[in-house]
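1. from the sequence below, what's the structure:
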Amino acid sequence: MAKRIEDGGETVTFTFEDRPIEARAGDSVAAALTAAGVRSLRDSVVSGEPRGIFCMMGTCFDCLMEIDGVPNVQACRTPVAAGMTVSRQHGGPAVEG
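-> As a prediction, the model looks like this:
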């Protein structure tokens, strides 16, 4: 597993599911949550199983989260911002048929 560089500079605080998270300015939401020990970012639409980070470069879409009330945002491509509100996405709507 990768190790975090100790001297990270400025920090910002955002909220993840009613929990304040301190992050480094410039980190992606996914990186900040991983550094805070969060491993599950959403539930699979198909199976309901938890999903976490995978590619960290925006191609796999396993990191889709709700950020500031907007669903389906790629957490690996979104920089953290002070006061940001982040939550997991839980599956998808039921499909009839």
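
2. what about the nearest residue to residue 80 once chain neighbours are set aside, helix or strand, and which?
-> Closest residue to residue 80 apart from its sequence neighbours, by Cβ to Cβ, 6 or more residues apart in numbering: residue 23 at 4.5 Å. From N, CA and C alone the C-beta is placed, and that goes for glycine too. If you go by DSSP states H and E, residue 23 is part of strand 19-24.

3. remind me what that strand packs against, helices and strands.
-> Under the contact criterion of 3 or more Cβ pairs under 8 Å, 6 or more residues apart in numbering; DSSP states H and E, the helices and strands touching strand 19-24 comprise strand 11-16, helix 29-35.

4. out of those, which one sits most buried?
-> helix 29-35 (a mean of 23; mean count of other Cβ atoms under 10 Å).

5. what's next to it, contact-wise?
-> The contact list for helix 29-35 (Cβ atoms under 8 Å, 6 or more residues apart in numbering) reads 4, 14, 16, 21, 23-24, 27, 41, 53, 56, 63, 65, 67, 75-76, 78-80, 84, 86.

6. only the buried subset of these, as a ChimeraX command please.
-> Remark: buried members of those, expressed as a ChimeraX selection using 16 or more other Cβ atoms under 10 Å:
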select :14,16,21,23,24,27,41,53,56,63,65,67,75,76,78,80,84,86
